[in-house]
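[1] Coordinates for the following, if possible.
(one chain, ligands or ions: 1)
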Amino acid sequence: MSVIEIKNLTKNYGGTKALDSINLTIEPNKIYGLLGRNGAGKTTLLNIMTNKLFPTTGEITLDGETVFENDKALNNIFYMMERNLYPEGMKIKEVFKWTKEFYTEFDTEYAEKLAEKFGLNINKKVKEQSTGYSSIFKAIVALATNANVLIFDEPVLGLDANHRDLLYKEILSNYIDNPKTIIISTHLIEEIADILEEVIIIKAGKVVLKKSVEELLSSAYTISGESSKVEQYLIDKKHIGTETMGKFKSVTVLENKKDHKLAMELDLEFGKAELQKLFISLTNS
Ligand SMILES: Nc1ncnc2c1ncn2[C@@H]1O[C@H](COP(=O)(O)OP(=O)(O)OP(=O)(O)O)[C@@H](O)[C@H]1O
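    This is a model prediction of the structure:
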C-alpha cells in the first residue's frame, strides 16, 4: 500500500521556519515531483520523512505507522540524498552488497546491468567518482533496492544531458515494471515533467499546490503569433512567461478556456503550457 501521511509538520531552525504546518497525503504508486525554490524546505521535508531529522512538531506515518525511529517503516523507504553518506574507500560493488544487508530485496543483477548501461565502473571506489558518476551510482542503488517508496533529492546533479535522459527513462521503466511511490525533488522541472503524475510545490515552508500534472497543465495554454496580434488576444486575460522572437511572441495564458474564434481572426496558434513556466509564476515574489 504505502500511504504516507504528513500531519501538521513544522521544523524550526532557531528563528527560521523551514517547514510551516505541512499537511500532505502521498498516495501509493504515483510519481511525484517535489518542487520549490532554493531554501523552500524540500530537503528538510525529505530528511524528516526518512528519519534523518526530527521535526519541531507533527507526525509522519507510513500505512498508519510512524516513520520516526521505526526501522520497519523505514525499510520500505529508500532515500537517495544529495549528500554522499557512503564510506569513501568503499568500492561501488561493495556499496551494492552493503545495501542488500539493509534492503534484502536489493536486485544486484539489475544494479550491475544499470551500471553497464551508464558506463559506471563498479570496481572503483566512492571517492573516485566524479560528481556525475556519484549521482549515477546513488540513483542505481535506489532503483535496485525494490523499496516501496523511492525518494530522489536532485538525482541528476552533475549528469550530462544523455545521462539525464537515460536516468529519467530508467526511473520510468522501473516504475512501469514494478509500480511504487517515487518522489523526485529537482530544479530541472521541464525535463522531468513528462514522467511526473503529480506535483507538490512548496514555498517558504508551506505547500502552495498539490495537483496532477495533467490538471495543472490544462489550466493554462500558450498563444503565439505576431506580437501586436498576440497583445490584442491578451486583453483582459491573465498571462505570464512572454517570449519574444523578432516580431513574434509566445505567451502563456492562465485560463483553461481558449478563444478559438479570436485566435483564428488574428491568425494565432495555440500550444501546450510548460510546467516550468507555471512553477515560476506560482513561486515568484
Ligand atoms: N541545519 C540548518 N540550520 C539552520 N537552517 C537550516 C538548516 N538546514 C536548512 N536550513 C534552512 O531551512 C530552510 C529550508 O532549507 P532546505 O535545505 O530544506 O531547502 P531546499 O528547498 O531543499 O533548498 P535547495 O533547493 O536550495 O536545496 C532554508 O531557509 C535553510 O536556510
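
[2] can we go C-alpha only for contacts and neighbour counts from here?
    Fine.

[3] pLDDT score assigned to the closest residue to Met1 other than its chain neighbours?
    Sequence neighbours aside, Pro28 is the residue nearest to Met1 in space, at 6.0 Å (criterion: CA to CA, 6 or more residues apart in numbering). As predicted, Pro28 sits at a pLDDT of 96.

[4] how far away is Pro28 from the ligand?
    23 Å (CA to the nearest ligand atom, to the nearest Å).

[5] Three-state assignment for that residue, please.
    With DSSP: H, G, I helix; E, B strand; the rest coil as the basis, Pro28 sits in coil.

[6] Contacts only, for it.
    Met1, Ser2, Val3, Ile4, Lys180, Thr181 (CA atoms under 8 Å, 6 or more residues apart in numbering).

[7] Go again with 6 Å.
    Applying CA atoms under 6 Å, 6 or more residues apart in numbering, we find Pro28 in contact with Met1, Ser2, Val3, Thr181.

[8] are any of the residues you listed buried, and which?
    Ser2, Val3, Thr181 (16 or more other CA atoms under 10 Å).

[9] Torsion angles phi and psi at the last one?
    Listed backbone geometry of Thr181 is phi -90, psi 130, with angles given as degrees, to the nearest 10.

[10] how's this protein carved up into domains?
    According to the TED database, the chain comprises the domains 4-212, 220-284.

[11] Between the contacts of Pro28, which sits nearest the ligand?
    Thr181 (19.8 Å; CA to the nearest ligand atom).

[12] Which ones among the buried ones among the contacts of Pro28 also lie next to the ligand?
    Applying CA under 6 Å from any ligand atom, the subset of the buried ones among the contacts of Pro28 adjacent to the ligand is empty.

[13] can you list the residues of this structure near the ligand?
    Contact residues (CA under 6 Å from any ligand atom) of the chain with the ligand: Tyr13, Ala18, Gly36, Arg37, Asn38, Gly39, Ala40, Gly41, Lys42, Thr43, Thr44.

[14] what's the pLDDT at Glu82?
    pLDDT for Glu82: 84.

[15] show me what contacts it?
    Here Glu82 is in contact with Asp153 (CA under 6 Å, 6+ apart).

[16] phi, psi of it?
    phi -70, psi -40.

[17] now Leu159
    phi -80, psi 140.

[18] Nearest residue to it in space, please, no chain neighbours.
    Gly132 (4.6 Å).

[19] Check what pLDDT that neighbour gets.
    96.

[20] And the next helix or strand past whichever strand or helix holds it?
    In the assignment (DSSP states H and E), Gly132 maps to helix 131-144. Counting by DSSP H and E, the next helix or strand C-terminal to helix 131-144 is strand 149-153.
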